[in-house]
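J.: I'll drop the sequence and a predicted model, then ask my questions.
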Amino acid sequence: MSETVSIVIVSHSHDIAKGTADMVRQMVGSEVRVAFCGGNPDGGLGTNLPRIIDAIDTVWSPKGVAILVDLGGAETNSEMAVEMLPPERRETVVVCNAPIVEGAVMAATEAAGGSPLEKVRAVAEELSAS
Amino acid sequence: MSLDTPTLRALVAAAAEQVVASTAELTALDQAIGDGDHGANMKRGFEAVLSKLDMIVAQPPGEAIKMVGKTLVMTVGGASGPLYGSFFMAIGDAIARGRRLPEDLADVFASGVDAVSARGRSQAGEKTMLDVLVPVLASLRTEPGRSDLAQRIRVVASEAVERTAPMRATKGRAAFLGDRSIGHIDPGARSSCILVHAICNTLEALS
């Protein structure tokens, strides 16, 4: 199997993160690797930086990893997680400015076709109004 | 003031204990304009700091403060984790790179403020913790020699928190409320004020 860009979904809610990953798998299939995490370290709503790093490591691909997030803390923690990766990996992981569900599906669809990280990110970010 | 181990321990412990003791207040403030998790998140983060206080203060001062920041990043579980984490990591880094205390206090503090600004892509005036940190920095710059500096900084921080009430939030969860964020003080500004007070109180008690 040729490598594709992988997708990481980071929500405040475990259920939203899992549901988004389920939708990606159903609509795009299994050729794109998807990891997800949601919830704070106590299991409530929130984000958990070590779990974000684990998720990135789980689906790590030399073609890169696109992260889709929901609200503020998920974005800030994901950006921090990227900065805490080993230097050689940092450049190939991006946090997309896109709606989490639609962005994940669009990014995975683009990734499945073998597109490079920048193209995957651009397709997801076209969905943002800004 | 030199950051010897007992001073460092007293400062970190006081800051963490004050935040933990303020959990209910921070929760109430955040329920008004956020998602209500600021108190619990900060409590989780600073309890983690307290639980490894011995390990933290065994490090040289710069490394110790960096470890405080990293602990917050890994345990807070909200946007305040990377924000406060970056604040302490940048301050620790400035000290580790040879900045001296108290001579360079304003520059060291500025490193932390800049890190928060960069992490949050935010400036003062947007109803955030920067609305306390920036006025405190200004006082450190303009009034460094005052004998009553700690007392003065406490007043500056408390007044700065109150000034966030009429502000309209444009960052963080409160931004979703738009004009409805007006009239409430910002929970992040308040937690910054609590930390500043804890540091000032401890330095006064030790001097």
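T.: All right, it came through fine.

J.: per-residue pLDDT, the residue of chain B most remote from its centre?
T.: When distances to the mean C-alpha position of chain B are computed (Cα atoms, centre = their mean), the maximum falls on B:Asp179, with 26.0 Å. Here the pLDDT value assigned to B:Asp179 is 89.

J.: kindly report the same for the one 5 residues further on.
T.: If you check B:His184, the pLDDT there is 95.

J.: do the same with the one 10 residues further on
T.: B:Ile194 carries a pLDDT value of 98.

J.: next: A:Gly114.
T.: pLDDT for A:Gly114: 95.

J.: correct me, but it touches A:Thr4?
T.: Yes: counting by Cβ atoms under 8 Å, A:Gly114 touches A:Thr4, with 6.2 Å between them. C-betas here are computed from N, CA, C, even on glycine.

J.: which residue of those two possesses the greater neighbour count?
T.: A:Thr4 (21 against 13; other Cβ atoms under 10 Å in any protein chain shown).

J.: tell me how many other residues crowd the residue nearest to that one when sequence neighbours are not counted.
T.: Nearest residue to A:Thr4, sequence neighbours excluded (Cβ to Cβ, 6 or more residues apart in numbering or on different chains): A:Ala111, at 4.7 Å. By other Cβ under 10 Å, 31 other residues sit near A:Ala111.

J.: and what of A:Glu118?
T.: A:Glu118: 12 neighbours (other Cβ under 10 Å).

J.: from the chain's centroid, how far away is the helix or strand harbouring the residue nearest to A:Thr4?
T.: For A:Ala111, the host element (DSSP states H and E) is helix A:100-112. The chain centroid and the centroid of helix A:100-112 are separated by 9 Å under Cα atoms, centre = their mean, to the nearest Å.

J.: buried stuff in the longest helix seen in chain A?
T.: Counting residues, the longest helix in chain A under DSSP state H turns out to be helix A:14-28. Of the residues in helix A:14-28, A:His14, A:Ile16, A:Ala17, A:Gly19, A:Thr20, A:Ala21, A:Met23, A:Val24, A:Val28 count as buried by neighbour count, 16 or more other Cβ atoms under 10 Å in any protein chain shown.

J.: swap in stretch A:115-130?
T.: Within stretch A:115-130, the residues scored as buried using 16+ other Cβ under 10 Å are A:Ser115, A:Leu117, A:Val120, A:Arg121, A:Val123, A:Ala124, A:Glu125, A:Leu127.

J.: between these, which sits nearest chain B?
T.: Chain B lies nearest to A:Glu125 out of those, by Cβ to the nearest Cβ, at 16.3 Å.

J.: close to chain A: what parts of chain B are there?
T.: Within chain B, the positions near chain A by Cβ under 8 Å from any Cβ of the partner chain are B:35, B:37, B:40-41, B:44, B:73-75, B:77-83, B:85-86, B:119-120, B:171-173.

J.: helices - which of these land there?
T.: Those of the residues of chain B next to chain A lying in helices (DSSP H): B:40-41, B:44, B:73-75, B:80-83, B:85-86, B:119-120.

J.: now the strands for chain A?
T.: For chain A, strands defined by DSSP state E occupy the ranges A:6-11, A:34-38, A:65-69, A:93-96.

J.: again but with chain B, I slipped
T.: Remark: strands of chain B are absent; assignment by DSSP E.

J.: middle-most residue in it, spatially?
T.: Centre of chain B computed as the mean C-alpha position; nearest residue by Cα atoms, centre = their mean is B:Ser192, 3.8 Å away.

J.: what's the first-to-last distance across stretch B:96-103?
T.: Counting by Cα to Cα, to the nearest Å, you get 15 Å between the two ends of stretch B:96-103.

J.: average pLDDT for it, rounded please.
T.: Stretch B:96-103 shows a mean pLDDT of 92.

J.: stretch B:41-61 now?
T.: Averaged over stretch B:41-61, pLDDT sits at 97.

J.: now the angle from the longest helix of chain A to strand A:6-11?
T.: Here helix A:14-28 runs at an angle of 150 degrees relative to strand A:6-11 (axes from the mean of the first three to the mean of the last three Cα atoms, to 10 degrees).

J.: helix A:14-28 and chain B in contact?
T.: No: residues of helix A:14-28 contacting chain B under Cβ under 8 Å from any Cβ: none, with a closest distance of 12.6 Å.

J.: which parts of chain A sit against chain B?
T.: Counting by Cβ under 8 Å from any Cβ, the residues of chain A close to chain B are A:40-42, A:44-50, A:71-73, A:76-77, A:79-80, A:84.

J.: type out the PyMOL command that picks the buried ones from these.
T.: Buried members of the residues of chain A next to chain B, defined by 16+ other Cβ under 10 Å, are picked up in PyMOL with:
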select buried, chain A and resi 40+41+45+46+47+48+49+71+72+73+76+77+79+80+84
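
J.: looking at the residues of chain A next to chain B, which are in helices?
T.: The members of these that map onto helices under DSSP H are A:Leu49, A:Pro50, A:Gly72, A:Gly73, A:Thr76, A:Asn77, A:Glu79, A:Met80.

J.: excluding chain neighbours, give the residue nearest to the closest residue to chain B within chain A in space.
T.: Using Cβ to the nearest Cβ, A:Asn40 is the residue of chain A that sits closest to chain B, at 3.3 Å. Among residues not flanking A:Asn40 along the chain, A:Gly46 sits closest, at 2.8 Å (Cβ to Cβ, 6+ apart).
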